[in-house]
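Trainee: Sequence and predicted structure are below.
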There are 2 protein chains.
Amino acid sequence: MSLRDIINNALSRWMNGKGPEGDIVLSSRVRLARNLEGTPFPHRMQEEDGNKVLAGVRLAVEKMNNEKKWPKLEFTRLDELSPNEREILVEKHLISPQHATKSRFGAVVLSDDETISIMVNEEDHLRLQVLLPGLKVTEAWELANKLDDGLEQTLDIAYDEKRGYLTACPTNVGTGLRASVMMHLPGLVLTKQIGGLVNAIGQFGLTVRGLYGEGTEAAGNIFQISNQITLGRSEEEIINNLLAVVKQIIQQERQARERLRQEWGEQLSDKIWRSYGILRYAQMITSQEAINLLSNVRLGVDLGLLQGVESTVLNELMVLMRPAYLQKLAGKELSPMERDVRRAKLIRERLKLCEVKD
Amino acid sequence: MSLRDIINNALSRWMNGKGPEGDIVLSSRVRLARNLEGTPFPHRMQEEDGNKVLAGVRLAVEKMNNEKKWPKLEFTRLDELSPNEREILVEKHLISPQHATKSRFGAVVLSDDETISIMVNEEDHLRLQVLLPGLKVTEAWELANKLDDGLEQTLDIAYDEKRGYLTACPTNVGTGLRASVMMHLPGLVLTKQIGGLVNAIGQFGLTVRGLYGEGTEAAGNIFQISNQITLGRSEEEIINNLLAVVKQIIQQERQARERLRQEWGEQLSDKIWRSYGILRYAQMITSQEAINLLSNVRLGVDLGLLQGVESTVLNELMVLMRPAYLQKLAGKELSPMERDVRRAKLIRERLKLCEVKD
């Protein structure tokens, strides 16, 4: 599948599957920051340096494709894409918002199934990402590690015996590893335990964010848990520490959902079904409202209180209803109100395809 | 009993029809206050007086039934009914809340189709009521007048050449006539013109109330317009004055709805369809919220923005969802929360029978 297809197909292929603990863990991600030896970091790069990085990565990708050890990788310069196409890659979590709008000499390498993406010349020369459905942090790390080895066959990666991998920002020095897990935690939010969790998590060297990266509110009760510390620990330690905490949170979320079911009774059903009713018939809706209602519906599906809506529909809709994808569907720029109208229509039509039992 | 049967029984037969201007005028009512000559008013009545009134009315009704000029009338003493059965009569607007709970020697005379009801020993010895669908004030007055004549064949009605009909409360003296029209005015409410209307209407000797009589808020944008003055004008003048003002209001409401349609566009559709979505799927709902949402849906039906819901369904539901009827359906007393759950279920199931096109 070409990049064009990836943009056209709203859904990353991995979204159709449900991974381990998929009722709570939406996805697992591992990202490695790497830089080329002897080349200035991107923010200090001259044109000649930028082109050198691009050429090097392109060559490395070609070689890796010849080996056929991975899904086919495709290299694309960002300036070949329209701003809206770049924005779609952001909405799919394949590149960062910064990379979409501010990178010089930027490129992206993507695998067919979108589990692998490499940002070129973002904050670092290379940001390797592996994204898998459900709780698969270890698998994601293993694949990222192999990918890293593959690139090193061609590229000379900056590494210091004492400090480890060198990165543009000191917070990434060492392993250059950021592992994260996207979790749907409506139970902990509704039972008001989430505040305590967010506070406690720092003690484990982890951090919590909302759905679309730093500074975003936790729309739709979706939280991203990731390691904060990259230095002084091995990759395995980082991964295992994250996994241990995430498993704890899963357990707490399960207990919270059970408590909700027992203590809220009809009120919980009411909240869930009203959310469904509004999504099913609203004629205009903001993405903020939609994501919160979708979160409620998803909880209902997970608890068996609302049957007939596949849980993957909700993952789909969360991507489909974002502004850039709506504009792509419309084939033109849309005002916020026009987007709200089209978003509502898209959600209505998608939910209409489900056979809901009420 | 099927839901269909339950609904059929719950509804006054007149509700199934839609009268003139039925998109705005739900019903027209005429009420005549009458008292028997030489008998103390109900609040000063001894047992002997009360029984005399009951016996007299029972006799008059028998004679009238023999004449076969009207729908068959049935006489029932209120103490033969359970409190909940009396409450259902209140919810159907056939007797007043005061009559249901506080009357001594109370009775009610009802016609099969519930267009005619006579409260016996409420505030006055007799309160004749005719209730018709749509804008039919003149017809209601004519029927009430004939009914009055019919009763006078048997009963000696207190009448003073100068003051007209004598009544317990001086505000009814004269014609003893109260004519009222129940109007659905969402357009005037949403365009914020209703305040001006309520203020202006007093100048015409008319008054405005909410759905369930004095002191009630205008739930569901439903307003009752009635004459305030009963003395010094003929019955025809009172009826024609009310009719003229109501026709004005109908015109204003039509204009307001047209303005809404043009200026609100998608926002109006959104409001209407969200209301439908919540009613269609909520698992618990208060009568206040339900009536407001039903008002929105009704507006959508009237404007053709929501097709497949019969407008009579909404009249039906407004009666079906009231507390006493819900308790009758359940066959037991219900807590407010239990009522909210059963109300939501009833509304869901009724709306499920409609073939809504979306």
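Mentor: Thanks, I have it. Numbers count the residues shown, from 1 in each chain, chains lettered A, B, ... in the order given.
Trainee: and the strand or helix carrying A:Y325, is it in reach of chain B?
Mentor: Counting by DSSP states H and E, the element that carries A:Y325 is helix A:323-330. No: contact check for helix A:323-330 against chain B, using CB under 8 Å from any CB of the partner chain: none in range, with a minimum separation of 15.1 Å. Glycine gets a C-beta too; all of them are placed from N, C-alpha and C.
Trainee: what about that helix, average pLDDT?
Mentor: On average, the pLDDT along helix A:323-330 is 85.
Trainee: swap in stretch A:228-248?
Mentor: In this model, stretch A:228-248 has a mean pLDDT of 91.
Trainee: Would you mind listing the buried residues in stretch A:338-355?
Mentor: By 16 or more other CB atoms under 10 Å in any protein chain shown, the buried positions in stretch A:338-355 come out as A:338-348, A:350-351, A:354.
Trainee: I figured A:Q98 hits A:M119, correct?
Mentor: No: with contact defined as CB atoms under 8 Å, A:Q98 and A:M119 do not form a contacting pair (9.4 Å).
Trainee: neighbour-wise, which of these two wins?
Mentor: Each of A:Q98 and A:M119 had its neighbours counted (other CB atoms under 10 Å in any protein chain shown), and the higher figure belongs to A:M119 (27 against 14).
Trainee: Confirm the more buried one sits in a strand?
Mentor: Yes: the assignment for A:M119, made by DSSP: H, G, I helix; E, B strand; the rest coil, places it in a strand.
Trainee: Which pLDDT does the model give the nearest residue to it once chain neighbours are set aside?
Mentor: If the residues on either side of it in the chain are set aside, A:M119 comes closest to A:R127, at 4.2 Å by CB to CB, 6 or more residues apart in numbering or on different chains. At A:R127, the pLDDT value in this model is 96.
Trainee: which secondary structure element contains A:R127?
Mentor: Using DSSP H and E, A:R127 falls in strand A:126-133.
Trainee: Packing partners of that strand?
Mentor: Judged by 3 or more CB pairs under 8 Å, 6 or more residues apart in numbering or on different chains; DSSP states H and E, the packing partners of strand A:126-133 are strand A:25-34, strand A:116-120, helix A:137-152.
Trainee: I'd like those as CSV, with mean pLDDT and distance to A:L177 appended.
Mentor: Formatted as CSV, those follow (pLDDT from 0 to 100; distance: least, CB to CB, whole Å):
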stretch, mean pLDDT, distance to A:L177
strand A:25-34, 94, 6
strand A:116-120, 96, 15
helix A:137-152, 95, 8
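Trainee: Now do stretch A:145-153: everything it contacts.
Mentor: With CB atoms under 8 Å, 6 or more residues apart in numbering or on different chains as the test, stretch A:145-153 has contacts from A:32, A:34, A:57, A:60, A:63-64, A:67, A:69-70, A:116, A:118, A:126, A:128, A:130, A:157, A:235.
Trainee: send the alpha carbons of that stretch over as CSV?
Mentor: What follows is stretch A:145-153 as a C-alpha-only set of coordinates in CSV (Å, rounded to 0.1, in the frame of the first residue of the first chain):
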residue,chain,number,x,y,z
ASN,A,145,15.2,-2.8,18.0
LYS,A,146,15.4,-5.0,14.9
LEU,A,147,14.5,-1.9,12.8
ASP,A,148,17.3,0.0,14.5
ASP,A,149,19.8,-2.8,13.7
GLY,A,150,18.6,-2.7,10.1
LEU,A,151,19.3,1.0,9.8
GLU,A,152,22.7,0.7,11.4
GLN,A,153,23.8,-1.6,8.6
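Trainee: and the top helix by length along chain A with chain B, contact?
Mentor: Of all the elements of type helix in chain A, the one with the most residues (DSSP state H) is helix A:235-264. No: judged by CB under 8 Å from any CB, helix A:235-264 and chain B are separated, with a smallest distance of 11.0 Å.
Trainee: mind listing what's buried in the helix or strand that comes right after that helix?
Mentor: Proceeding N to C from helix A:235-264, the next assigned helix or strand is helix A:266-281, under DSSP H and E. Residues of helix A:266-281 classed as buried under the neighbour-count rule (16+ other CB under 10 Å) are A:268-281.
Trainee: again, but for stretch A:66-75
Mentor: The neighbour-count check on stretch A:66-75 (16+ other CB under 10 Å) flags A:70-71, A:73-75 as buried.
Trainee: Distance across it, terminal residue to terminal residue?
Mentor: The straight-line separation of the ends of stretch A:66-75 (CA to CA, to the nearest Å) is 14 Å.
Trainee: would you list the buried residues of stretch A:338-355 in JSON lines and tack on secondary structure?
Mentor: Supplementary listing: those in JSON lines, determined by three-state DSSP:
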{"residue": "A:E338", "secondary structure": "helix"}
{"residue": "A:R339", "secondary structure": "helix"}
{"residue": "A:D340", "secondary structure": "helix"}
{"residue": "A:V341", "secondary structure": "helix"}
{"residue": "A:R342", "secondary structure": "helix"}
{"residue": "A:R343", "secondary structure": "helix"}
{"residue": "A:A344", "secondary structure": "helix"}
{"residue": "A:K345", "secondary structure": "helix"}
{"residue": "A:L346", "secondary structure": "helix"}
{"residue": "A:I347", "secondary structure": "helix"}
{"residue": "A:R348", "secondary structure": "helix"}
{"residue": "A:R350", "secondary structure": "helix"}
{"residue": "A:L351", "secondary structure": "helix"}
{"residue": "A:C354", "secondary structure": "coil"}
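Trainee: All set now, cheers.
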